[in-house]
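> Show me how the following folds:
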Amino acid sequence: MIQAIGLTKRYGGKLAVDDLSFDVRPGTVTGFLGPNGAGKTTSMRMILGLDRPDHGTALINGRPYHELRWPLREVGSMLDARAFHSGRSARAHLAALAASNGIAPARVEDVLAMTGLATVAGQRAGRFSLGMAQRLGIAAALLGDPGILMLDEPANGLDPEGIRWCRTMLRALASEGRTVFVSSHLINEIAITADNLIVIGQGRLLAQATVADLAGRHDSLEDAFFALTGDAVEYKGSVVDGQLAWWAA
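I've put the predicted structure just below:
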């Protein structure tokens, strides 16, 4: 279980996350939605102990991330798909992570096969396409067979087969009783992948509901999203006299 309790974070004069509280429970896929700059990645970074909140607390199974003895065994995460040494092979990258977290070497081959990277495991990861890098990031998140999975834009760069594979994998993991927390801008994909939703804007909680409940109030989940976040969009675009115009919201 993931708990965010009154999380607040400023960067200089900018309030990135504003007294944000929510729970992410096991056995479901929870989608994390919000416009660009809404505070999704910052919130995830605070949950994972990468950023320290100015106020509030983030808990993984009732404890702060830094208190977890073997972090990769409890929570697997991907916030940056290219968070690897570009000169290492995919296999070497995963092997180093396994060794540092007391994970059996055989698990490396398991996750390479699960993510479709077995045939390129010996190649330098720095040469990977975005889609292959995403698969490697997901492989690293799965390495410790964790009960909690946190992924930031996991479908980014994946082809249609990859997106379908990712969706099927996330739902299968949730069906095993795991906690699956996924941020995305692909609203239609979240609509068919997630069970629950957390929607934020300008660092504040706008809604926490099931997909069915939120979408049922409008013609589609996309319409529901825009109705919730219309006043929280940092930049808007419009076509004026056949030309694209941009302005700050």
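
> Pairing partners for L149 in the sheet, please.
L149 has the following beta-bridge partners by DSSP bridges: G76, V180.

> What helices and strands are in contact with the longest helix belonging to the chain?
With secondary structure taken from DSSP state H, the chain has its longest helix at helix 160-175. Under the contact definition 3 or more C-beta pairs under 8 Å, 6 or more residues apart in numbering; DSSP states H and E, helix 160-175 sits against strand 28-33, helix 130-142, strand 148-152, strand 179-183, helix 187-193. C-beta here means a position set from N, CA and C on the backbone, and glycine is covered the same way.

> hey, where'd the strands end up in the protein?
Per DSSP state E, the chain carries strands over the ranges 2-11, 14-24, 28-33, 55-60, 75-78, 148-152, 179-183, 196-201, 204-210, 235-240, 243-248.

> Run through the residues that contact the residue lying closest to T41 once chain neighbours are set aside.
Among residues not flanking T41 along the chain, D152 sits closest, at 5.8 Å (C-beta to C-beta, 6 or more residues apart in numbering). Taking C-beta atoms under 8 Å, 6 or more residues apart in numbering, we find D152 in contact with 40-41, 44, 78-80, 183.

> Next, count neighbours for the nearest residue to L136 once chain neighbours are set aside.
For L136, ignoring the flanking residues on the chain, the nearest one in space by C-beta to C-beta, 6+ apart is A90 at 5.3 Å. Neighbour count of A90, defined by other C-beta atoms under 10 Å: 27.

> contacting residues around A90?
112, 117, 120-123, 125, 128, 136, 139.

> Report the buried members of the residues you listed.
The neighbour-count test (16 or more other C-beta atoms under 10 Å) applied to the contacts of A90 identifies 112, 117, 120-121, 125, 128, 136, 139 as buried.

> in this protein, which ranges drop under the pLDDT threshold?
The model of the chain has pLDDT under 70 over residues 234-249.

> Kindly recompute the last result at 80.
Scanning the chain for pLDDT under 80 picks out 232-249.

> Any chance of the strands of the chain in TSV with distance to A104 as columns?
Listed next are these as TSV, based on distance: least, C-beta to C-beta, whole Å:
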stretch	distance to A104
strand 2-11	26
strand 14-24	28
strand 28-33	27
strand 55-60	22
strand 75-78	16
strand 148-152	19
strand 179-183	23
strand 196-201	33
strand 204-210	37
strand 235-240	47
strand 243-248	51
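
> closest to G216 out of the ones you listed?
Closest to G216 of the strands of the chain, according to C-beta to C-beta: strand 204-210, at 8.9 Å.

> picking up where we left off before, among the contacts of A90, name the ones in helices.
Among the contacts of A90, the members found in helices (DSSP H) are 112, 136, 139.

> For the second one, give me its contacts.
Translated: L136. Counting by C-beta under 8 Å, 6+ apart, L136 has contacts 81, 84, 90, 93-94, 115, 117, 125, 128.

> swap in N61?
Taking C-beta under 8 Å, 6+ apart, one finds 1, 74, 147-148 in contact with N61.

> most neighbours, which of those?
Neighbour counts for these (other C-beta under 10 Å) peak at I148, which has 21 neighbours.

> circling back: please convert the contacts of L136 to a markdown table, extending it with distance to V199.
Shown next, in a markdown table, are the contacts of L136 (distance: C-beta to C-beta, whole Å):
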| residue | distance to V199 |
| --- | --- |
| A81 | 24 |
| F84 | 31 |
| A90 | 35 |
| H93 | 34 |
| L94 | 34 |
| T115 | 29 |
| L117 | 33 |
| A125 | 34 |
| F128 | 32 |
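
> what's the closest of those residues to L170?
Nearest to L170 among the contacts of L136 is T115, at 12.7 Å by C-beta to C-beta.
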